[in-house]
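1. heads up, no residue letters with this:
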């Protein structure tokens, strides 16, 4: 009995240990499976989340725990969807990641990271596809997606404080959409474009047939168009930062667009506003639009009723381009573009104007642009002052004898030297030198009574926002200025010979 009892006593710890080991294996098996097969775990978690969204009732709050969820998700009712610890929803390379249908109007979405749409363009896959009204999207990240946040028909949508990008290594197609495949006034061949790569970027934020949207304080990069408007009405776009994209803003047939305090840097072009209107562009900064084809800070193309005020437009290939801006199909009834108190600085070309454009410039500062203004001919519908207030020109050589802040002589530029310079990359690289300034001064002295620019009220000081010191380029080497001066003096001598009266001999 003792042995039996002792044997039983000795056997009990072994039995307990065996049970504990068996229990441990039972508990750990799914964890080990998840670790060895993360795809299975992501699919399972995604299926569970999709089921929760499908069963959610209007007014519910669905909290998504940290983790990785694979699938294509859709809200079924007006709910609040909140991510904790930035959970990732991955579309797995097909379709849109998260869709808000019309039945989910009034939903709130925040705290998520959305990745992995279909490659597009077929079906317009998006990280977040919104078709409902009154949706709020805050603190959401979208990456590795064809389209970012795509609003199609939803009204009163608010998109605030999000970070959106397309494919970092993706190609950009349709770069020349806003300019056409031709040589523009600046002489740059805008043909070409790289559409050869399979993975192409889509737009970061799209407002399509959307009314009363608010797009505010978002960070956008690596996209096709940062914010794309098509038939959008009453959109407020404020405080966004957009970089490394094709166009920062791209508006098509949209009305009552208000763009305020946005920062656009290093895009192929800044703001492309085509057709539609009115547009109000106020207090924005547009820098380093880098494309040799587009490369324009702000383009107003066939749009009426534009107000462009208090912006800094610097270090672009062209600062502002008016491509029949302010003119419509019924030009007699169109509203001229009002361009006031902008700093247009350090661009290769300050303003490029097509002949049919209609605009009034006042209190702007044209500072150290290689060429201040270039046109494609006479511009009878352009006014260079409003209510006896002209513009500040860094190249103005006049004086102010009565101290009223207005120059006593007109600022005049004839324009032919400017057109010659911008058509030659070699010449424009030398154009800031004193020699070319001398030629320009000679031409302006001999200008006709109808020059490209006649500002009768030139300002002696800037009245527009200042250009930050860090935006100013480094000074050119001295040898570049000497070379330009020699070339300019030779050109001036040839110009003098061409204009000198010739003696006619009669025999």
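-> Yep, that arrived. Note that this is a predicted model, so its numbers are computed, not measured.

2. Helices of this protein, start to end?
-> Ranges of helices in the chain, per DSSP state H, are 2-36, 38-55, 416-422, 425-430, 434-445, 478-499.

3. Touching, residue 406 and residue 460? I think so.
-> Yes - using Cβ atoms under 8 Å, residue 406 is in contact with residue 460, at 7.0 Å. For every residue, glycine as well, the C-beta is placed using N, CA and C.

4. quick one: contacts for residue 250?
-> Residue 250 makes contacts with 178, 203, 225, 227-229, 272, 274, as judged by Cβ atoms under 8 Å, 6 or more residues apart in numbering.

5. still on that earlier bit, what's the overlap in contacts for residue 406 and residue 460?
-> Taking Cβ under 8 Å, 6+ apart as the criterion, residue 406 and residue 460 both touch residue 400.

6. low pLDDT regions in the stretch 301-450 of the chain?
-> 325-334, 414-450 (pLDDT under 70).

7. and the residue lying closest to residue 355 once chain neighbours are set aside, how far is that from residue 357?
-> Excluding its sequence neighbours, the residue lying closest to residue 355 (Cβ to Cβ, 6 or more residues apart in numbering) is residue 377, at 4.7 Å. Separation of residue 377 from residue 357 (Cβ to Cβ, to the nearest Å) stands at 11 Å.

8. Compare those two and say which is more crowded by neighbours.
-> Neighbour count, other Cβ atoms under 10 Å: between residue 377 and residue 357, residue 357 has more, with 26 against 12.

9. tell me the phi and psi of that one?
-> The phi/psi pair for residue 357 (degrees, to the nearest 10) reads phi -70, psi 150.

10. how about JSON lines for the contacts of residue 250, with pLDDT, distance to residue 144 and neighbour count added?
-> Converted to JSON lines, the contacts of residue 250 look like this (pLDDT from 0 to 100; distance: Cβ to Cβ, whole Å; neighbours: other Cβ atoms under 10 Å):
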{"residue": "178", "pLDDT": "53", "distance to residue 144": "27", "neighbour count": "23"}
{"residue": "203", "pLDDT": "97", "distance to residue 144": "15", "neighbour count": "29"}
{"residue": "225", "pLDDT": "96", "distance to residue 144": "18", "neighbour count": "28"}
{"residue": "227", "pLDDT": "98", "distance to residue 144": "19", "neighbour count": "34"}
{"residue": "228", "pLDDT": "98", "distance to residue 144": "19", "neighbour count": "25"}
{"residue": "229", "pLDDT": "96", "distance to residue 144": "24", "neighbour count": "30"}
{"residue": "272", "pLDDT": "95", "distance to residue 144": "25", "neighbour count": "26"}
{"residue": "274", "pLDDT": "92", "distance to residue 144": "29", "neighbour count": "20"}
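
11. Filter these down to the ones in strands?
-> Within the contacts of residue 250, residues falling in strands by DSSP state E are 225, 227-229, 272, 274.

12. okay, among those residues, which ones form the most distant pair?
-> Across these, no pair lies farther apart than 227 and 274, at 13.9 Å, counting by Cβ to Cβ.

13. What is the neighbour count of residue 315?
-> Counted with other Cβ under 10 Å, residues neighbouring residue 315 total 20.

14. my read: it touches residue 288, true?
-> Yes - distance between residue 315 and residue 288: 4.9 Å, which falls inside the contact criterion (Cβ under 8 Å).

15. Leaving out the residues flanking it, which one is nearest to the residue positioned nearest the centre of the chain?
-> Nearest to the geometric centre of the chain sits residue 248, at 0.8 Å (Cα atoms, centre = their mean). Here the nearest residue to residue 248 in space, its sequence neighbours aside, is residue 264; by Cβ to Cβ, 6+ apart that works out to 3.7 Å.

16. Check the gap between the one you found and residue 316 for me.
-> Going from residue 264 to residue 316 by Cβ to Cβ gives 10 Å.

17. which residues do those two both contact?
-> With Cβ under 8 Å, 6+ apart as the test, residue 264 and residue 316 both reach 270, 286-287, 289.

18. For residue 277, give me its contacts.
-> Neighbour list for residue 277: 255, 303-306, 335 [criterion: Cβ under 8 Å, 6+ apart].

19. same deal with residue 312?
-> Residues in contact with residue 312, defined by Cβ under 8 Å, 6+ apart, are 284-287, 342-343, 345, 465, 467.

20. Name the residues linked to it by a beta bridge.
-> Beta bridges link residue 312 to residue 285, residue 343 when assigned by DSSP bridges.

21. Verify the stated contact: residue 49 with residue 65.
-> No - assessed by Cβ under 8 Å, residue 49 is found out of contact with residue 65, at 9.5 Å.

22. Which one's more surrounded, those two?
-> The residue with more neighbours, out of residue 49 and residue 65, is residue 49; 21 against 11, by other Cβ under 10 Å.

23. show me what contacts residue 102?
-> Residue 102 neighbours (Cβ under 8 Å, 6+ apart): 131-133, 153.

24. Could you check how far it is from residue 76?
-> With Cβ to Cβ as the criterion, residue 102 and residue 76 are 11 Å apart.

25. was I right about residue 393 contacting residue 366?
-> Yes - counting by Cβ under 8 Å, residue 366 is a contact partner of residue 393 at 5.1 Å.

26. who has more neighbours, the two?
-> Neighbours were counted for residue 393 and for residue 366 using other Cβ under 10 Å; residue 366 has more, 28 against 25.

27. List the residues that contact that one.
-> Shown in contact with residue 366 (Cβ under 8 Å, 6+ apart): 344-345, 350-351, 372-373, 391-395.
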